[in-house]
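*Asks:* My questions are about this predicted structure, shown below with the sequence.
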Amino acid sequence: MKLKTLFILVPCALIGIVLTLANLTPVQFSLDPFSDTRPALAVTVPLFVVILAAFLAGLLAGGLGAWIGQGGHRREERVAKRELKRVQKQTTAANANTPATGTALALQPIGTAPVAHAPRNGG
């Protein structure tokens, strides 16, 4: 495990443990905003459960938002991969139809002239 990871995970774990131990008292969690005395849907749980559930819900919502936001990039990547495969198939088919003559061609950049080399060893 990397040292940077330890410097992040260990303090976060300690904070989570301290938060859990400090909030063990039971609280009533209700999803009924209209009735305080007799809510339709309520459950009694330790406070740290409510806090951790809210944290996880936010984490999932943020991850889902990021995933949806990246949808355009993923679509572009899929299209680019399909195009690459199509071009590779065309290139393979074109190379298969070209007869091999056994001669090598020397390629030069466009717009450059052949360079005459000076003889070596003063010769």
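*Replies:* It's in.

*Asks:* what's around residue 47, how many residues?
*Replies:* Counted with other C-beta atoms under 10 Å, the neighbours of residue 47 add up to 16. Any C-beta I mention is one placed from the backbone N, CA and C, and that applies to glycine too.

*Asks:* what about it, distance to residue 26?
*Replies:* In this view, residue 47 and residue 26 are 8 Å apart by C-beta to C-beta, to the nearest Å.

*Asks:* ditto for residue 83
*Replies:* 59 Å.

*Asks:* What of residue 38?
*Replies:* 18 Å.

*Asks:* Which strand residues bridge residue 42?
*Replies:* Beta bridges link residue 42 to residue 30 when assigned by DSSP bridges.

*Asks:* That one against residue 27, yeah?
*Replies:* No. Taking contacts as C-beta atoms under 8 Å, residue 42 lies outside contact range of residue 27: 10.3 Å.

*Asks:* Show the residue spans covered by the helices in the protein.
*Replies:* Ranges of helices in the chain, per DSSP state H, are 3-22, 47-69, 71-97.

*Asks:* give me the low-pLDDT residue ranges for the protein?
*Replies:* 1, 99-123 (pLDDT under 70).

*Asks:* please redo it, this time with the cut-off set to 90
*Replies:* The model of the chain has pLDDT under 90 over residues 1-10, 12-13, 16-17, 19-24, 27-43, 48, 50-52, 55, 93-123.

*Asks:* residues touching residue 46, list them.
*Replies:* 23-27 (C-beta atoms under 8 Å, 6 or more residues apart in numbering).

*Asks:* Separate out the buried members of those residues.
*Replies:* Among those, not one is classed as buried by 16 or more other C-beta atoms under 10 Å.

*Asks:* Of those, which is the nearest to residue 60?
*Replies:* Comparing these against residue 60 with C-beta to C-beta places residue 23 closest, at 21.5 Å.

*Asks:* measure that closest one to residue 51 for me?
*Replies:* 7 Å.
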